[in-house]
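Colleague: Based on what follows, work out the 3D shape:
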Amino acid sequence: MTTDVAAFPARRPGWSAVLMSNDALMAGAVMTIVLMMIVPMPTILLDVAITLNIACTVTVLLVSMYITAPLQFSVFPSMLLLMTLFRLGISVAATRLILMNGFAGDVIQAFGQFVVGGNVVIGMVMFLVIMVIQFVVITSGAGRVAEVAARFTLDAMPGKQMSIDSELAAGFITEQAARARKRTIEQEADFYGAMDGASKFVRGDAIAALLMIVVNLVGGIVVGAVQRGLDVGTAVSTYSLLTVGDGLVSQIPALLVSTATGIIVTRSSGTGETLGSDMVVQVLGNARALTIASGLLAVLGTIPGLPKLPFYVMAATIFTGSRMVANRQAALAATKASASEAAAPPAGDKEDIIDLLDLDALELEIGFGLVSLVDGDGGNLLSRISLIRRQSAIDLGIILPTVRVRDNLRLGANEYRVLLRGAMIGSGEVFPAQLLAMNPGTGDMDIGGTPTTEPTFGLPATWILPEQRERAEIFGYTVVDPGSVIATHLTELIKRFAPEILDRQQTQRLINHLKVEHSAVVEELVPTLLTIGEVQRVLQGLLAERIPIRDLATILESIGNVARTSHDVDVLVDYARRGLAHAISQQYAGIDGHLHVLTLNPSVEASLLSAVQRVDDGPVLILAPPVVESFLRALAGEMESMASRGHQPLLVCSPQLRWPLRRLIERNFANLVLLSYREIATGYETIVEGVVEVELTSR
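Modeller: Model prediction:
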């Protein structure tokens, strides 16, 4: 017998579960606060509410000190509103009891009698001092910080998102990690925006407290003297103490909440430590500063008229602490030095000279000042290189050889260079203790730092200190760390020199891997029709124009259709590109899914086709230098116009003209993508952004 589970209705939660849920408790708390303002409360309940208010504010203050990032307490703006409403409800209930009964519970009575010693003047002064501290100092400062933080966070969002996009494109982070980091940026903007508004609650609460003090004092004296028959002196004494007690029990928790607000909005989340840990490390961790401070205190103790004992005791205490910090730092330095000596190889090890003849396919040499970027104590360059190798397999379809990282004492302390089989293909200089801020191109904005040139694309940039990062991001600069600079440069060099990185051994490895799933394709083509070397040259031709070779099965099938009649590499590459038409079209399609292209005027294309001649090295264009100059000038103008509209320059021409035209323009326009009409897949609409028109006379 089978039972259909779906035939039975789902069991609904009972009333007890609903009532005990967090949402129900929160709704009940809000309704209770509203009732406090409407329904008279017994004094015992008012005492409980006041005690609960103090407990909640102390808890919130402690939580704000123990968080390591503001978003860990993202519910604080809403909690601030509820706590302010709760505090106002208590004040309304207390005011009602003071005016009705001349008594508002034991807590308020104790604050009026014991805390201020029954002295109305002292109580009023204490209340006013607390109000000044809260309203003028903490609340005003926290509100201003929240306002500035909200504006700066919103202004810095585009730069942060561009930085995340660049790291994602370089393969340093996954798509899920990029999405999570963008979500965090959005949450930060929402949080600081909410804090900007929530800080106004505290300001309004302080103003309301002042008004309630006046109401309690004036109204209490009138009620006591007129309705209750008290003499004026007794009425003033009784209601003044109650008013002061009510003001203190209201404003002391308000002061704690204001302090928590200031701590949260001024909290830096870069260290990952609590506020107490950061203060101890950053303030009490500097032995030299502590020593100087103890000396200054000792000097102050020698001034005539000043008490010597407190200055000398404090000077001795701080000096003892500075010595303890200095001894601890020396012990840590000695431990690191011993570990480094233990890890060093013995001096007497013999080295086989023949090993010096070996060449690594890819090497990254760094100066001694950059060793911290690759060591195990916080350096992440090696892990980024691993991500680059993985991303190269996905984006290019090649198996990147192991990148050997080694130090080179002949380089400058902050220099690095990339070698391909012993030959340098790129170099640069980074500063491990600084950050690179790249100009967004919106003008020259003074952010301080040292001007430089970004090594990958030659963009204007500036080396800045970590504390200048926030200012740079506000002005729209893209700020990256030194490890990202090297990793981005290495990634671009790999794309540029991918044809040279792909050797025959790696080509054989790719074919062997393909043979497992596509044995028929491989056995028909290699080595029956083409050699490994010829397949390698075809793949290199595709990589030279940054066409991925990951779909190796399609590439081999495409060139297999023509390999029986031609072994011309240019012809084979052309057929391979036709087979990859969908991948190529998708690669260069815009955000709207269309191909935005430049075309040649029919007369210009006809003139160029008539100038194509076949030589030993393949088809070339034979044109007079003035004609070439005129054509390149016209093409450059159309490219600039297309780029200004936000599209990558892409020129489409006939298949017979694509290869010789590429040879003509590749030195001048390395970033121009050149496609033939046969390489545009079905389903992709082309939008002509410009037509190259110029008078040509071929010779």
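Colleague: So for residue 539, what's the pLDDT?
Modeller: For residue 539, the pLDDT comes out at 93.
Colleague: any idea how far it is from residue 531?
Modeller: Look at residue 539 and residue 531: by C-beta to C-beta, to the nearest Å, they are 13 Å apart. C-beta: built from backbone N, CA, C; applies to glycine.
Colleague: Could you point out the helix or strand that follows the longest helix anywhere in the chain?
Modeller: Ranked by residue count, the top helix of the chain under DSSP state H comes out as helix 175-222. Beyond helix 175-222 on the C-terminal side, the first helix or strand identified by DSSP states H and E is helix 232-265.
Colleague: and residue 539 and residue 531? which has more neighbours close in?
Modeller: residue 539 (26 against 13; other C-beta atoms under 10 Å).
Colleague: Just give the nearest non-adjacent residue to the more buried one, would you?
Modeller: Nearest residue to residue 539, sequence neighbours excluded (C-beta to C-beta, 6 or more residues apart in numbering): residue 549, at 5.0 Å.
Colleague: ditto for residue 365
Modeller: Closest residue to residue 365 apart from its sequence neighbours, by C-beta to C-beta, 6+ apart: residue 408 at 4.1 Å.
Colleague: Per-residue pLDDT of residue 155, please?
Modeller: 67.
Colleague: do the one 4 residues further on as well
Modeller: At residue 159 the predicted local distance difference test score is 67.
Colleague: Kindly report the same for the one 10 residues further on.
Modeller: Per-residue pLDDT puts residue 169 at 62.
Colleague: what's the answer for the one 5 residues further on, then?
Modeller: On the pLDDT scale, residue 174 is placed at 73.
Colleague: Tell me, how many residues neighbour it?
Modeller: Counted with other C-beta under 10 Å, residues neighbouring residue 174 total 11.
Colleague: Spatially nearest residue to the most centrally placed residue in the chain, not counting backbone neighbours?
Modeller: The centre of the chain sits closest to residue 160, judged by C-alpha atoms, centre = their mean, with a distance of 5.3 Å. The shortest distance from residue 160 to any non-neighbouring residue, by C-beta to C-beta, 6+ apart, is to residue 185 (5.2 Å).
Colleague: right, and the one you found touches residue 161 too?
Modeller: Yes - using C-beta atoms under 8 Å, residue 185 makes contact with residue 161 at a distance of 6.6 Å.
Colleague: Could I get the full set of helices for the stretch 401-550 of the chain?
Modeller: Applying DSSP state H, counting those that start in this stretch to the stretch 401-550 of the chain gives helices spanning 469-474, 482-496, 498-501, 504-517, 519-525, 532-544.
Colleague: cool, the stretch 551-699 of the chain as well?
Modeller: 552-560, 569-579, 581-588, 602-610, 625-644, 655-665.
Colleague: So which other helices or strands are in contact with the first one?
Modeller: Just to be clear, that refers to helix 552-560. With contacts taken as 3 or more C-beta pairs under 8 Å, 6 or more residues apart in numbering; DSSP states H and E, helix 552-560 sits against helix 504-517, helix 519-525, helix 532-544, helix 569-579.
Colleague: Pull the number of nearby residues for residue 394.
Modeller: Around residue 394 there are 10 residues (other C-beta under 10 Å).
Colleague: ok, the closest residue in space to it that isn't next to it in sequence - contacts?
Modeller: Leaving aside its sequence neighbours, residue 394 sits nearest to residue 550 (C-beta to C-beta, 6+ apart; 7.2 Å). Residues near residue 550 by C-beta atoms under 8 Å, 6 or more residues apart in numbering: 393-394, 396-397.
Colleague: Can I get those residues in JSON lines including pLDDT?
Modeller: Shown next, in JSON lines, are the contacts of residue 550 (pLDDT from 0 to 100):
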{"residue": "393", "pLDDT": "86"}
{"residue": "394", "pLDDT": "86"}
{"residue": "396", "pLDDT": "88"}
{"residue": "397", "pLDDT": "88"}
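Colleague: Quick check: end-to-end length of stretch 608-623?
Modeller: Stretch 608-623 has an end-to-end distance of 8 Å (C-alpha to C-alpha, to the nearest Å).
Colleague: Please point out which parts of it sit buried.
Modeller: For stretch 608-623, the neighbour count (16 or more other C-beta atoms under 10 Å) marks 608-609, 611-612, 619-621, 623 as buried.
Colleague: Same question for stretch 539-546.
Modeller: Going by neighbour count (16+ other C-beta under 10 Å), the buried part of stretch 539-546 is 539-544.
Colleague: what do you get for stretch 69-83?
Modeller: 70, 73-74, 76-77, 79-80, 82-83.
Colleague: will you turn those into TSV that also has pLDDT and secondary structure?
Modeller: Shown next, in TSV, are the buried residues of stretch 69-83 (pLDDT from 0 to 100; DSSP: H, G, I helix; E, B strand; the rest coil):
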residue	pLDDT	secondary structure
70	74	helix
73	77	helix
74	78	coil
76	78	helix
77	79	helix
79	80	helix
80	78	helix
82	82	helix
83	82	helix
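Colleague: Among those, which one lies nearest to residue 498?
Modeller: residue 70 (43.8 Å; C-beta to C-beta).
Colleague: tell me the average confidence for the helix or strand hosting residue 108?
Modeller: Using DSSP H and E, residue 108 sits within helix 106-110. The average pLDDT for helix 106-110 rounds to 76.
Colleague: helices and strands around it, which ones?
Modeller: Using 3+ C-beta pairs under 8 Å, 6+ apart, helix 106-110 sits against helix 43-66, helix 232-265.
Colleague: Mean neighbour count, those: which tops it?
Modeller: helix 232-265 (a mean of 23; mean count of other C-beta atoms under 10 Å).
Colleague: Hey, what's the angle from it to helix 43-66? Just curious.
Modeller: Note on geometry: by axes from the mean of the first three to the mean of the last three C-alpha atoms, to 10 degrees, helix 232-265 and helix 43-66 are set 30 degrees apart in direction.
Colleague: Quick one: distance of helix 232-265 to the chain centre.
Modeller: Between the centre of helix 232-265 and the centre of its chain there are 43 Å (C-alpha atoms, centre = their mean, to the nearest Å).
Colleague: just stretch 478-493 next, same as before
Modeller: 15 Å.
Colleague: Likewise for stretch 181-192?
Modeller: 10 Å.
Colleague: Ok, stretch 426-436 next?
Modeller: With C-alpha atoms, centre = their mean, you get 19 Å for stretch 426-436.
Colleague: neighbours of residue 37, just the number please.
Modeller: For residue 37, using other C-beta under 10 Å, the count is 15.
Colleague: what pLDDT does it get?
Modeller: 75.
Colleague: State the distance from it to residue 45.
Modeller: Taken as C-beta to C-beta, the span from residue 37 to residue 45 is 14 Å.
Colleague: Residue 391 too?
Modeller: 64 Å.
Colleague: Can you say which of the helices and strands packed on helix 106-110 is nearest to residue 692?
Modeller: Using C-beta to C-beta, those put helix 232-265 closest to residue 692, at 56.8 Å.
Colleague: how big is the angle separating that closest one from helix 175-222?
Modeller: Counting by the same axes, to 10 degrees, helix 232-265 points 170 degrees away from the direction of helix 175-222.
Colleague: Can you tell me which helices and strands helix 232-265 packs against?
Modeller: So helix 232-265, by 3+ C-beta pairs under 8 Å, 6+ apart, packs with helix 43-66, helix 76-101, helix 106-110, helix 120-132, helix 140-170, helix 175-222.
Colleague: rank the helices and strands packed on helix 106-110 by mean pLDDT and give me the bottom one.
Modeller: helix 232-265 - the lowest mean pLDDT of the helices and strands packed on helix 106-110, at a mean of 74.
Colleague: what's the angle from it to helix 76-101?
Modeller: 170 degrees.
Colleague: can you start the count at 29 instead of 1 from here on
Modeller: Let's use 29 as the start, then, which means that last one is helix 260-293.
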